[in-house]
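Engineer: give me a 3D structure for the following:
(chains A, B, C and D, ligands or ions: 4)
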Amino acid sequence: MSNRELTMAAAISEAIGQEMTRDENVFVMGEDVAKYGGIFGATGGLLDQFGPERVMDTPISETAFIGAATGAAAEGLRPVVELMFVDFFGVCMDQIYNHMAKNTYMSGGNVNLPVVLTTAIGGGYNDAAQHSQCLYSLFAHTPGLKIVVPSNAYDAKGLMVSAIRDDNPVMYFFHKGIMGLPWMAYYTGSTNEVPEESYAIPFGKAHVVREGSDVTIVTLSQMVHKSVLAAEALAQDGISAEIIDLRTLVPLDKEAVLQSVRKTGRLLVADEDYLSFGLSGEIAAIVAENLDTVNLHGPVKRLAVPDVPIPYTRPLEEAIIPQVGHIESTVRSMMS
Amino acid sequence: MSNRELTMAAAISEAIGQEMTRDENVFVMGEDVAKYGGIFGATGGLLDQFGPERVMDTPISETAFIGAATGAAAEGLRPVVELMFVDFFGVCMDQIYNHMAKNTYMSGGNVNLPVVLTTAIGGGYNDAAQHSQCLYSLFAHTPGLKIVVPSNAYDAKGLMVSAIRDDNPVMYFFHKGIMGLPWMAYYTGSTNEVPEESYAIPFGKAHVVREGSDVTIVTLSQMVHKSVLAAEALAQDGISAEIIDLRTLVPLDKEAVLQSVRKTGRLLVADEDYLSFGLSGEIAAIVAENLDTVNLHGPVKRLAVPDVPIPYTRPLEEAIIPQVGHIESTVRSMMS
Amino acid sequence: MEPTKEHQLWMYEQMLIIRDFEETMVNIYLEGKLPPNIQDGLAFDIGGGPVPGEMHLAAGQEPVAVGTCAHLTDNDTITGTHRPHHFAIAKGVPLDQMAAEMFGKVTGLGRGKGGHMHLFSVEKKFGCSGIIGAGMPQACGAALAARKKGKDWVTVTFFGEGAANQGSFHESLNLAAIWKLPVVFICEDNKYAISVTREDSTAVANNADRAVGYGIPGVRVENNDPLEVYDVVGEAVARARRGEGPSLIEVSTDRYLGHFQGDAEAYRPKDEVQQLRENDPIDRLKQQLMDGGLSEAEEAEIRSRAKAAVEAAYTFARESPYPDVSEATMHVFV
Amino acid sequence: MEPTKEHQLWMYEQMLIIRDFEETMVNIYLEGKLPPNIQDGLAFDIGGGPVPGEMHLAAGQEPVAVGTCAHLTDNDTITGTHRPHHFAIAKGVPLDQMAAEMFGKVTGLGRGKGGHMHLFSVEKKFGCSGIIGAGMPQACGAALAARKKGKDWVTVTFFGEGAANQGSFHESLNLAAIWKLPVVFICEDNKYAISVTREDSTAVANNADRAVGYGIPGVRVENNDPLEVYDVVGEAVARARRGEGPSLIEVSTDRYLGHFQGDAEAYRPKDEVQQLRENDPIDRLKQQLMDGGLSEAEEAEIRSRAKAAVEAAYTFARESPYPDVSEATMHVFV
Ligand SMILES: Cc1ncc(C[n+]2csc(CCOP(=O)(O)OP(=O)(O)O)c2C)c(N)n1
Ligand SMILES: Cc1ncc(C[n+]2csc(CCOP(=O)(O)OP(=O)(O)O)c2C)c(N)n1
Ligand SMILES: [Mg+2]
Ligand SMILES: [Mg+2]
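Structural biologist: Numbers count the residues shown, from 1 in each chain, chains lettered A, B, ... in the order given. Ligands and ions are numbered 1, 2, ... in the order given. The predicted structure is shown next:
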């Protein structure tokens, strides 16, 4: 059955389920992933399909169960473990970045850890400072973790398949506002056609969501959809924006960024993470390091959360998270 | 008594001691800070001077005692709390970045938290992947923390005084290889003249360590001293390097960076943190965002740890941590 | 320990205010979140209406809050949880500013920046967090401050039975015990951590038994009853004030509503809540008070006072203005 | 549980190897770290010589390692600590590769990348970490894997008495208990966490008492004796193999050397170590074995075998090459 549309949540759980069928070593654990099916639906239906030995609810002990994922992977299992919100990483970061991420290197490549750590990111629904962050830059900064940040259901399935089959630790970040949940407004572009059969999308290949000639917008996750809406508005006035969806931060498709900016001569990074010392800086730096082959028509621009915690109240949150209007007006300012 | 030289460790403990004398609300806690005087000497002699009620050894419970620092600060005390190595942040990051850093904002400015969190950073003595990191970029990325990274005893004392008197959370990073410890080789330039009387160095003011006209080296901490040695070698061949010691990352003295690069037209960032998604990218981005007023003679260059965990063995560690030779050769490549 | 008549009346009125505040919020919360005024295809929109975002309500859990706060003064500190309203109300946090914070208004406790999981009152020495287990370490610090100041102030830290399996629980109890800090650790056992039952998450039937691991007293309150809570917590608070260190108390209580509003509770037996409500602690205390001589008229007056307070708070919240957008970048630092 | 004669001899030889390995390292470690060949003004240079960086040695703590490993096979897993040599040796990790790793050579367990706190052997199912308390969660995962594979394999996780106040201790014990995982938690109580004494850090006199908080058996071994360890750990390992879940054991043991080499131990009573050494577990086992009929000649042969093994390992380490610089950026991913 073709042209079947799935939400990103359904695409993720389908990918996990297909891999569980394919490889008995794959199993799922986390808070509320079984009976509840994952607070954001990423493991919906898996308990009924595979039973409680392979889909395990855990206590609120992230250090223990994420560390356990590392220990189980070292013995040949392939855990898919969920950190409910990325905002909670602070209670278990040591197990993630000092162990899951480093045991392979410290063992000279002898230990391999096929773990997929899934987590929810993003704001836009007024969940305030401890439930609305992105933070993927932090994990991309510390070596040893592959970083996947899908923007739509089709990519989400193919990238999850690659993540589970990868023999290295992979962190998989899904934005709540594109999961297609029945209880949260979302950008409909994220729900799209998803083949039933399994397929893998390779890491490190950015996706040109929209071709353009005047400006390159480098972005990812929910911000891809905001960028598309901005590009459509800009097109009305004959401004042609090219949109690059990075898809993965580690590995990072630098060539795709450079190629596009060489063509357009203008770069805007649109990011929902904090502005400073993160993703938007890294993308800008890649261009700055290649100014001998990139001919810019103007300074690089960055849109991101301006180094403030995410405020609860709607007017303030809308002001600090880059919106379609911000992207649009920033591009216009770059053209004049 | 003037022209008195102190090690950075002695300067830090002197600053803390003077503030403890000045304000009874200041107290110290952490692992081995009392009887041992701090593994890296940052609290040496304070127990004898102030007693166990104000200089407290803690259990190995970073979440509990760093969280306790936040709780005590909310009640008007001014804790100076030590995280022995920054590498251990993963066991207590939630208390640092979701609470110490955010309670002020989330309370609309009603809660203020005068905490100083000190921690040791850096490699160069073969302590391997879990005891050699810098990671200040992570803390600079998450809002709500002021970030101090001194390079010498004089700055260390003045910045510690400002840190303790600041009504906000301050993270204070000292590099083990410039503390002037009797058991670890160090860059002697870090031990310098320190007035006995108390003085404060304001945050957000970078220091021009050496003036130059050909290239700007933006750096901090131990890397300042490596840069100076490189600059001296380069001067032999008539290459004039200007060295900017950032001193603090939050607030960040962007103007100092831009001013210097406007003058020299060349930027090298020399950093001991991981390369990607961190400090070196942010500095490069600041220049990329200002290309309308900065005229570069060539691409920006970055030297940092190439996104690998710190290897134990000497030849590999020396290869991946930027050394004087790397700085020198990179600058030469920028001049040709 | 027996509460005075005044304390009993105070507890009764506070429970009424809490219950009314929470149950009124159930409906306010739904405003703007239901079809047809939301995105097509959605059944509910968490980001809609005057009170968006997650909403964790404590209807049914009033006894632990009022039985505890009856022993506290404005000098004592509380650290609460992601489900904080009942604690805040019982601690005396101004209802108007609390409601305004939930509406994201500039008149709120945090000028609208914190939201319902992040209620801070410096005056009432109240704070909470959306991170499970995060209040316990900070409680140790507040207690340390009291000791350093030579005061007999105590700190009470509340957490759920799910939080009792978080590392911060262990570290904080050990620290409080070795430093003899005046902290009372109170675990609200409402049997669920979202969908995960206590049995599936916890290796002991009674979290108070874990006190053995810290050499401190541990007591479980078996009934969701304000007088029983008052009795047990009273001992622990007195002990802390005497400088004899921390205690660990677990209180069996009942979550009447979903984990958060919008929770379908598919994981929960259909009639469970119905049965719980039949043994409601507010009804029981009312009966006890009236057996003790409280008249219908007096009871009605208390009830209407409570209703009026809640109504006034929500009206204040609705009518207050939002913060100016310029405030978004303020207050990162003081 | 009584060890067989063979087991006793094995334990004796392993203890000799461990002791010799550690005490020989005391001197090797000093090579290149003392004046005059270091920076002026320094008394010691931690980064100098063939074995730079921190060095945590376990002389005196042999009993817990050998008494435990006598019950384990290559199918069983161990997670160790920052002070890992005695565990690794007793688990059968190749001495040559272990020494080579400490010398940073390409022939080492981690091709020189890990160093002495990061020894990994996939064959012997051994791992360790420089982060306090980090081994316990990973042990739960290894045990979960064994159960999922339907094996009776056991995982032993070692940690110090200082680590018993880290949150991971609590979370891991609870997880292992509710999931009935075959993990044996063994706490080495050597009385110190660097300079902090057990009394200053721990709210209970006996960490085994904390087992009550998880509804599992808890036993303390009061003497630094391999036979007593053998007995108590044997029960726990058997229980885990039977699928009856985890146990918590604390072993009183003695740290003969500084926390790390170079530690002046100003915090420690002058003659403490001297007194401990007078009741040395190796001497005691030797006496027992000889009372049991081991001849001088046989004992001497064991001793020389042990010495030869250690000498061979360090020679192998010295003579091995360093990895090529190109390896620095390899093995971040497989
Ligand atoms: C560290 C952390 N992990 C997970 C969560 C997500 N979460 C929010 S509430 C909750 C359940 C808490 O259960 P309990 O402690 O019993 O409190 P209750 O909700 O029953 O009042 C969870 C898992 C969180 N907020 N913080
Ligand atoms: C999370 C963490 N905190 C602090 C340290 C620093 N540290 C290394 S060893 C040590 C003492 C450990 O004591 P214990 O657990 O008793 O083990 P022992 O050294 O006595 O064998 C400390 C505090 C660390 N490595 N990791
Ligand atoms: Mg609960
Ligand atoms: Mg110890």
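Engineer: looks to me like A:F174 is in a strand.
Structural biologist: Yes - A:F174 sits within a strand when classified using DSSP: H, G, I helix; E, B strand; the rest coil.
Engineer: could you find the closest non-adjacent residue to it?
Structural biologist: Take A:F174 and drop its neighbours on the chain: the residue closest to it by Cβ to Cβ, 6 or more residues apart in numbering or on different chains is A:A120, 5.9 Å away. Yep, even glycine has a C-beta here, placed from its N, CA and C like the rest.
Engineer: tell me the helix or strand right after the helix or strand harbouring that neighbour.
Structural biologist: Take DSSP states H and E as the rule and A:A120 turns out to sit in strand A:116-121. Moving toward the C-terminus from strand A:116-121, the first helix or strand encountered (DSSP H and E) is helix A:136-141.
Engineer: centre of the chain to that next one, how far?
Structural biologist: In terms of Cα atoms, centre = their mean, to the nearest Å, the centre of helix A:136-141 is found 11 Å from the chain centre.
Engineer: tell me if that helix is near chain B.
Structural biologist: Yes - in this structure, helix A:136-141 sits against chain B according to Cβ under 8 Å from any Cβ of the partner chain; the contacting residues are A:137-138, A:140-141.
Engineer: hmm, that helix touching chain D?
Structural biologist: No - among the residues of helix A:136-141, none lie within reach of chain D under Cβ under 8 Å from any Cβ; the closest is 13.0 Å away.
Engineer: about what we covered before: show me what contacts the residue nearest to A:F174?
Structural biologist: If a contact means Cβ atoms under 8 Å, 6 or more residues apart in numbering or on different chains, then A:A120 has A:39-40, A:42, A:84-86, A:173-176 as its contacts.
Engineer: does A:A231 touch A:S213 like I think?
Structural biologist: No - between A:A231 and A:S213 no contact is recorded; they are 11.8 Å apart, counting by Cβ atoms under 8 Å.
Engineer: helix, strand, or coil at the one residue in the stretch 1-150 of chain A that gets nearest to ligand 4?
Structural biologist: Across the stretch 1-150 of chain A, no residue is closer to ligand 4 than A:D94, which sits at 19.3 Å (Cβ to the ion). Going by three-state DSSP, the secondary structure assigned to A:D94 is helix.
Engineer: give the burial count for the closest residue to it other than its chain neighbours, as a bare number.
Structural biologist: Of all residues beyond its chain neighbours, the one nearest A:D94 is B:G90 (2.9 Å), with distances taken as Cβ to Cβ, 6+ apart. With neighbours defined by other Cβ atoms under 10 Å in any protein chain shown, the count for B:G90 comes to 26.
Engineer: what sits against B:G90?
Structural biologist: With contacts taken as Cβ under 8 Å, 6+ apart, B:G90 has the following neighbours: A:92-98, D:131.
Engineer: do C:L72 as well
Structural biologist: C:78, C:91, C:154, C:156, C:237.
Engineer: which pair in these spans the largest distance?
Structural biologist: Longest distance between any two of those is 13.4 Å, between C:K91 and C:V237; criterion Cβ to Cβ.
Engineer: neighbour-wise, which of the two wins?
Structural biologist: More neighbours sit around C:K91 than around the other of C:K91 and C:V237, counting by other Cβ under 10 Å; the figures are 25 against 21.
Engineer: near chain A at all, the longest helix along chain C?
Structural biologist: The single longest helix within chain C, with elements called by DSSP state H, is helix C:5-30. No - Helix C:5-30 does not reach chain A (Cβ under 8 Å from any Cβ); its nearest approach is 11.9 Å.
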